[in-house]
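Undergrad: Fold the stuff below for me.
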Amino acid sequence: MDVLVLGAKAALAVMLLVAGGAKLADLTGFAAVVRLFIPLRGLAPAYKYLATTVAVAEVILGGASLSFPAVEWINLVVLAAGCAFAAVSVLGFARHRGKSCRCFGALSRRTFDVPGIVRSALIAAFAGVATVGVSGSAVRLGAAAQILLLAAAVLVLAVSFTAAKALATVPQARSR
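TA: Purely as a prediction, here's the structure:
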């Protein structure tokens, strides 16, 4: 059981790092999505700040979850984030069907649709699995291991940021 729980936890941590890094590389695109959900008349610069806050929060949460697996409250924050993703997906489908969600910045061209709701529900379910307690020995890491995991988190962040930046410069394929 520990392997399933820790696997879900690691997968979610990496997903948060990739999503956050990709959003940071495409803040303008993600800010446009934030604008769909939070109408702030006359406060256009606030959208970029909100988008940055969400992306940085995902990066911090993913890095913390990956590097400090024994800290149980992080699992609850990841679960709350997973439930928020599901809520945004459902609300996006209801109000903005077919528009880009920019959940992974320029790394994904996905839209608010039924498969998106299913994906976000699976993320929330994985986050629920990750809250199940595991044996202390399964998550006990020394400082060196935590530093290496944090370094791995930085590498994942850098790769996702770079890939999203590169893809953002490629024009979208036009439908025929």
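Undergrad: So which elements touch the helix or strand of the chain with the lowest mean pLDDT?
TA: The weakest-scoring helix or strand in the chain, judged by mean pLDDT, DSSP states H and E, is helix 136-139 (a mean of 71). Under the contact criterion of 3 or more Cβ pairs under 8 Å, 6 or more residues apart in numbering; DSSP states H and E, helix 136-139 touches helix 2-25. All C-beta spots, glycine's among them, are computed from the backbone N, C-alpha and C.
Undergrad: just checking, what packs against the helix it packs on?
TA: helix 44-67, helix 72-96, helix 114-130, helix 136-139, helix 143-168.
Undergrad: So which of these is nearest A8?
TA: Closest to A8 of the helices and strands packed on helix 2-25 is helix 114-130 (Cβ to Cβ; 4.3 Å).
Undergrad: Check the offset of the closest one from the chain's centre.
TA: Here the centre of helix 114-130 is set off from its chain's centre by 12 Å, with Cα atoms, centre = their mean, to the nearest Å.
Undergrad: Other residues contacting it?
TA: Helix 114-130 is contacted by residues 4-5, 8-9, 11-12, 15, 75, 78-79, 81-83, 85-86, 88-90, 92-93, 101, 103, 110 when judged by Cβ atoms under 8 Å, 6 or more residues apart in numbering.
Undergrad: Comparing the helices and strands packed on helix 2-25 by mean pLDDT, which bottoms out?
TA: For those, mean pLDDT drops lowest on helix 136-139, to a mean of 71.
Undergrad: Just the buried residues of that helix, please?
TA: Buried residues in helix 136-139, counted by 16 or more other Cβ atoms under 10 Å: V139.
Undergrad: Look up how far G116 lies from the nearest residue to A25 once chain neighbours are set aside.
TA: Take A25 and drop its neighbours on the chain: the residue closest to it by Cβ to Cβ, 6 or more residues apart in numbering is A164, 3.7 Å away. For A164, the distance to G116 equals 18 Å [Cβ to Cβ, to the nearest Å].
Undergrad: tell me the SS of R102?
TA: Per DSSP: H, G, I helix; E, B strand; the rest coil, the secondary structure class of R102 is coil.
Undergrad: what about it, neighbour count?
TA: Neighbour count for R102, taken as other Cβ atoms under 10 Å: 26.
Undergrad: Check A144 too.
TA: Look at A144: counted by other Cβ under 10 Å, it has 8 neighbours.
Undergrad: so how far is V14 from it?
TA: Counting by Cβ to Cβ, the gap from A144 to V14 is 20 Å.
Undergrad: same check, this time on V156
TA: 6 Å.
Undergrad: Could you check which of the two has the larger neighbour count?
TA: Set V156 next to V14 and count neighbours by other Cβ under 10 Å: V156 wins out with 22 against 17.
Undergrad: nearest residue to A127 other than its sequence neighbours?
TA: Nearest to A127 is G82, by Cβ to Cβ, 6+ apart, at 3.4 Å.
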